[in-house]
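A.B. asks: What would the 3D arrangement of this be:
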Amino acid sequence: MSNEREYQEKKRILFFGLPWTFTKYTIGQEILTIHSGLLKTEENYCYMYKVQDVKLTTTLVERIFGLSTVICYTGDVTHPQISLTHIKNAKEIKNFILEAAEKERQKRRTMNTLDIGTGNTEDIE
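C.D. replies: Okay, here's the model as predicted:
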């Protein structure tokens with residue numbers, strides 16, 4: 001028995017928060033997928049272990065309709081910033097992404113490495 005969880009959410013238009021767009025987000029334990037488009041479709045994938053940080057933003061209009069935007073900062077070359085725009089349950093999804101990303105990094109034995117820019121260039125030759 002697996003306790004894996006997966007979220008599916010649609011990008012919503014701000015007018016009444018209705019899902020009348022052609023963008024669907026699937027957030028699983030190992031991968032985040034964005035499927036968008038009607039005539040020309042595009043799928044964008046990001047492995048959870050590449051997610052470095054997550055930010056939750058909510059504008060006044062989003063708050064009125066119970067929506068928020070989750071922004072994922074990743075180590076992915078093609079999409080270093082992935083936005084899950086105008087979604088419901090954003091706080092729960094943000095927390096899920098943070099936990100899943102950490103679990104995947106531990107599972108793969110990878111670290112979240114960033115250049116913190118110490119400014120010390122003496123050691124570089």
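
A.B. asks: Name the residues of the helix or strand bottoming out on mean pLDDT in the chain that are buried.
C.D. replies: Taking mean pLDDT, DSSP states H and E as the measure, the helix or strand of the chain with the lowest value is strand 7-10, at a mean of 85. For strand 7-10, the neighbour count (16 or more other C-beta atoms under 10 Å) marks 7, 9, 10 as buried. For the C-beta atoms, the positions are set from N, CA and C on the backbone; glycine is no exception.

A.B. asks: which residue sits closest to the most centrally placed residue in the chain, ignoring its sequence neighbours?
C.D. replies: The centre of the chain sits closest to residue 72, judged by C-alpha atoms, centre = their mean, with a distance of 4.0 Å. Distance criterion C-beta to C-beta, 6 or more residues apart in numbering; nearest residue to residue 72, sequence neighbours excluded, is residue 82 at 4.4 Å.
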